[in-house]
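1. got a structure for you, letters missing:
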């Protein structure tokens, strides 16, 4: 017999209105979603083969509006190949505005055999680490409180 169910690592492209309604209406479904957004800048999202910013923002608004008491956790990757200072600044602004209940931040690390490993414009390691540290600090300051 199902006691509780939670949704972990749900990519933004897989959310439908039916799934959102089920999360909102079924008591045994935890009002906690772990959804890896990874970035918010459209050039970086395109390079990652992720949905565009407009889709992500609309989905976050819809989830918060339709699921009372939602706890939204996400993860971000900084230093992805081609990420510019402007892309990073856009991510900083987005995190400040959204105030996720929980968020993890990771510096991009090259993985052999992936398309990203061969992309030009690799971000220097120290820049990746500095950006990661900045975002971790920001996340810690801007997280929404929630009851445990």
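-> Good, I have the coordinates. Everything numeric here is computed off the predicted structure, so don't read it as measured data.
2. longest helix in the chain, by residue count?
-> helix 125-142 (DSSP state H).
3. so how far is that helix off the chain centroid?
-> Centroid displacement of helix 125-142 relative to its chain, using C-alpha atoms, centre = their mean, to the nearest Å, is 14 Å.
4. show me what it is in contact with.
-> 76, 78-79, 83, 88, 91-92, 95-96, 99-100, 103-108, 123 (C-beta atoms under 8 Å, 6 or more residues apart in numbering). The way it works is simple: take the backbone N, C-alpha and C, and place the C-beta from them, glycine included.
5. try 7 Å
-> 76, 78-79, 88, 92, 95-96, 99, 103, 105-108 (C-beta atoms under 7 Å, 6 or more residues apart in numbering).
6. where exactly do the strands run in this structure?
-> 5-7, 29-34, 71-78, 102-107 (DSSP state E).
7. ok, and for the last one, which residues are buried?
-> The reference is to strand 102-107. Going by neighbour count (16 or more other C-beta atoms under 10 Å), the buried part of strand 102-107 is 103, 105-107.
8. pull up the gap between the residue most central in space within the chain and residue 27, please.
-> Nearest to the geometric centre of the chain sits residue 37, at 2.5 Å (C-alpha atoms, centre = their mean). From residue 37 across to residue 27, the span is 27 Å (C-beta to C-beta, to the nearest Å).
9. picking up where we left off before, what is the nearest of the contacts of helix 125-142 to residue 69?
-> Checking the contacts of helix 125-142 against residue 69 by C-beta to C-beta gives residue 99 as the nearest, at 15.2 Å.
10. the worst-scoring helix or strand of the chain on mean pLDDT: partners in the sheet, and parallel or antiparallel?
-> Ranking every helix and strand in the chain by mean pLDDT, DSSP states H and E puts strand 5-7 at the bottom, with a mean of 84. Sheet pairing here is set by DSSP bridges, and for strand 5-7 it gives strand 29-34 (parallel).
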